[in-house]
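Student: build me a structure from this.
(2 chains)
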Amino acid sequence: MNSMAARRRHPATLVVMLLLGLLATGAIYAAVDSGTSAQAADQKWSETQVETGKKLFAEGCSSCHGLGGQGSSIAPTLIGAGSAAVDFQVSTGRMPLAAPGSQAPVKGVIYSQAEIDAMAAWVASLAPGPAVPSDAMLDTSKADLAMGGELFRTNCAQCHSFAGKGGALSDGTAAPTLMNATPRQIYTAMVTGPASMPVFSNATLTIEDKQSIIKWISSLQANDNPGGLSLSRLGPVTEGLFVWVIGLGALIIVAIWIGVKAK
Amino acid sequence: MSAVVKAGGALAEYTDERLGIAPFMKRSLNKVFPDHWSFMLGEIALYSFIILLLSGTYLTLWFKPSMTEIVYNGSYVPLDGVKMSEAYASTLNISFDVRGGLLMRQIHHWAALFFLVAMTVHMLRVFFTGAFRKPRELNWVMGAGLLTLGILEGFAGYSLPDDLLSGTGLRIAEGIVLAIPILGTWLSFLLFNGEFPGLDFIPRLYTVHVLLIPGIILALVTVHLMLVWHQKHTQYPGPGRTEKNVVGFPLLPVYMAKAGGFFFVVFGVTTLMAAIITINPIWAFGPYTPDQVSAGSQPDWYMGWLDGAVRITPNWEWNIGNYSISWNIFLPAVVLAGAIFTALGAYPFIERWATGDNREHHILDRPRNAPTRTALGVMAIGFYGMLWISGGNDIIATTFDLSINTITYVLRVAVFVVPPIIFIITKRICLSLQRRDHDKLLHGIESGNILRTPEGEFIEIHLPLGDKEKAKILGKVDHVPIALESGVDENGVANPKGRTARLRAKFSHWFYGDNVYLPTAAEIEAAEAHAAHDYHEQHAVIDDFRGLEITSEPVLHSPAIGGHESNPHQH
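Tutor: A predicted model of the protein is given here:
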């Protein structure tokens, strides 16, 4: 006790204590976090799928991502990207990319789901990464709709807008509309964070949270408008355009009619 | 005498014996108003305001201006169990549980948009026709005040429901208040009674929205209309119209029917729009919490230009010690807005200073006849339009697949470059139209018919100007720019007022220097005599060729070709 007290004022004490503190924090965080941040076990892909996927990848993707999926100066590495990333990018028609640009545009899907699965299997075999969700994980029947709305407004609306219509981001990038997104795509987008989107791991948003959000987005897609025509739900810009062009236009036509002199 | 007339007479007598208003009523009901569709724009504003009062009253029966947090358990399932303010919950209640509530809310909001649209276009009409000139300057100032109050009232209105969009708007308003140097922080705390958003602002805003501003608007509208009544309505130049008369129809029965009918049309169109088109879907925005914001958050159209000005201002900020001056907010939202409204209110006085014109004007200017004013107005519209586009830069970026940064950079330049170009083009168009009017007076209207004389000469046949057209053109008032005074008086002593006078003369010259003067009466007479002569000769030629095959019928109003003595005043 005495010796400890004597060394209390040693110049190195501060550094040592700081390091110990950091180590302890890191250790505790790793211990607690390991349960949630580890990727959900990927579904079992068959050997044939991996083999087929490798071939498809070599034909369609390797010119940019490299034969081993290691990436290049114009494309990111896919080692650790996981099956979810492949599923999202290819099933929404973003990949394969037609031309480099600020952001991959959504085009027609050119691979069948079986082919997408095969490529996902091959990429998943490279290194563990975010996995494609099982059907059970996408079941939103027990999800809380109102909670989904809250989570959506807190985490998604600042880019995708309150109505899921998307919005502009900097330098020609944009948050896309969610009107055509399938529950599976919404999920895989959240776990992989494509383009400018952040990753919402299961530690940030639990599976239940994700299900709630998916349920909310599905309700937005249903496009239920108690107030009548929605004017694309773009907010006051379209309302203003409407009142100036159609509203004022109609009233001026009537005013001209009233102002016409009796013959 | 029918029973109705008898009863009416008895009622009139009863009222007159007690109030003595028969002479006033007689004068009023026979009062004449000129007819033109553009004179009805102000009426749209008035009727929208009445619709706003009626629908607004209905909404106050259920709206709770309270920031008390409650858990929503109403009939809108997607928000079931969500914590929100009573203000927002009661707006949901109005929308989903009150009979006719959603329709009323939408009528109220569409009417608010109409109110501001109508005030704006009414003001533009008054501006471009010079109706603000003596003796109507005060009514113009009142109009500018009404527009400002209308904007504030609209903003207060859509801020009340406490949904995510309205809260975002209030946050920006708080930012604008904070940007005022020195006073900002104090003002913000005063308004919100502490930190944003606090519990007090919505109830305070409610009082402002339902009592204070509508009260002032109502009072100003009353005075505004009384002045129109007292000063009489202006009229466009035309046959028989002078500065001393008003040509039109009496209030009863013609205008009573027209105006009354128009009120129902405005109400009908507003209701139709409210019934079929969603406006401000507050349920979709969700309740406001300061940690949430939605992409595409925009104000209503009349605040859009202000939002746009803020969006394109570079992020200039000074930090002096622990004190910040946010020029990026203060310049566009306070300085620019203040300057624009001041210029708007002061315009009649600025123009009067330039013209030195002290006469009363009851005949309106055709916009072409005041080229500088018209060009200034169109330039202002262009400037406003640039700011509008800036306010919607994100929607434009996503809709047209453009980069928001590019739009912003382009607009930073365009907002300074486009308006002057618009000014020059508009002024040239106006002057060209003046020249055309000048030519019409002297040479008549081009008929489009070409005549080849026996000598082989080609002449276009000109037709004499109609009475109506002629009166319209002759209704122009030519202004002579104020002459440049010498800097010294007759004794060679420097004139102390010389500098201002010279400035004024320069300004006046800029304003009126390009004017194309109307030909003198003598010139017109000579030209008409000449034209009549030509006309005669041309007809002689035509008559010579009569009997030959005419392959095409002359078109346009050519009343005379091919026959009887013409009457040019007939159309």
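Student: and the longest strand for chain B?
Tutor: strand B:445-452 (DSSP state E).
Student: mean confidence for it?
Tutor: Averaging pLDDT along strand B:445-452 gives 83.
Student: quick check: buried residues in it?
Tutor: By neighbour count with 16 or more other C-beta atoms under 10 Å in any protein chain shown, strand B:445-452 contains the buried residues B:445, B:447, B:449, B:451. Yep, even glycine has a C-beta here, placed from its N, CA and C like the rest.
Student: what is the neighbour count of residue 17?
Tutor: All of this is about chain A. 11 (other C-beta atoms under 10 Å in any protein chain shown).
Student: meant chain B actually
Tutor: Applying other C-beta under 10 Å, I find that B:E17 has 9 neighbouring residues.
Student: for the one 5 residues further on, same thing?
Tutor: As a burial measure, the neighbour count of B:A22 was computed by other C-beta under 10 Å and equals 13.
Student: helix or strand for the residue nearest to A:L169 when sequence neighbours are not counted, which one?
Tutor: Counting by C-beta to C-beta, 6 or more residues apart in numbering or on different chains, A:S196 is the residue found nearest to A:L169 once chain neighbours are left out, at 5.5 Å. For A:S196, there is no enclosing helix or strand under DSSP states H and E.
Student: spit out the contact partners of A:S196.
Tutor: A:S196 sits next to A:103, A:159, A:169, A:173, A:175 when contact means C-beta atoms under 8 Å, 6 or more residues apart in numbering or on different chains.
Student: so which of the residues you listed are in strands?
Tutor: Those of the contacts of A:S196 lying in strands (DSSP E): A:A175.
Student: farthest pair within the contacts of A:S196?
Tutor: Comparing every pair within those by C-beta to C-beta identifies A:Q103 and A:C159 as the most remote, at 12.4 Å.
Student: what is the burial count for the residue in the stretch 1-150 of chain A that chain B sits nearest to?
Tutor: Closest residue of the stretch 1-150 of chain A to chain B, C-beta to the nearest C-beta: A:A146 (5.1 Å). By other C-beta under 10 Å, the residues close to A:A146 number 19.
Student: which ones are touching it?
Tutor: So A:A146 contacts B:77-82 (C-beta under 8 Å, 6+ apart).
Student: report pLDDT for it.
Tutor: At A:A146, pLDDT is 94.
Student: am I right that it is in a helix?
Tutor: Yes: the assignment for A:A146 (DSSP: H, G, I helix; E, B strand; the rest coil) places it in a helix.
Student: could the buried residues of strand B:445-452 be laid out in JSON lines, adding distance to chain A?
Tutor: Shown next, in JSON lines, are the buried residues of strand B:445-452 (distance: C-beta to the nearest C-beta, whole Å):
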{"residue": "B:I445", "distance to chain A": "22"}
{"residue": "B:S447", "distance to chain A": "25"}
{"residue": "B:N449", "distance to chain A": "28"}
{"residue": "B:L451", "distance to chain A": "34"}
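Student: could you spell out which stretches of the chain belong to which domain?
Tutor: You didn't say which chain, so I picked chain A. A:47-126, A:136-221 (automatic domain parsing).
Student: that's the wrong chain, I wanted chain B
Tutor: B:1-30, B:60-237+B:252-289.
Student: for the first one, list every residue counted as buried.
Tutor: In other words, domain B:1-30. Here domain B:1-30 shows no buried residue, counting by 16+ other C-beta under 10 Å.
Student: rounded mean pLDDT for whatever helix or strand comes next after the longest strand of chain B, please.
Tutor: Downstream of strand B:445-452, the first helix or strand assigned by DSSP H and E is strand B:458-463. Throughout strand B:458-463, pLDDT has a mean value of 83.
Student: what angle separates the helix or strand following strand B:458-463 from strand B:445-452?
Tutor: Sequence order places helix B:467-474 as the next helix or strand after strand B:458-463, per DSSP H and E. Interaxial angle, helix B:467-474 versus strand B:445-452 (axes from the mean of the first three to the mean of the last three C-alpha atoms, to 10 degrees): 110 degrees.
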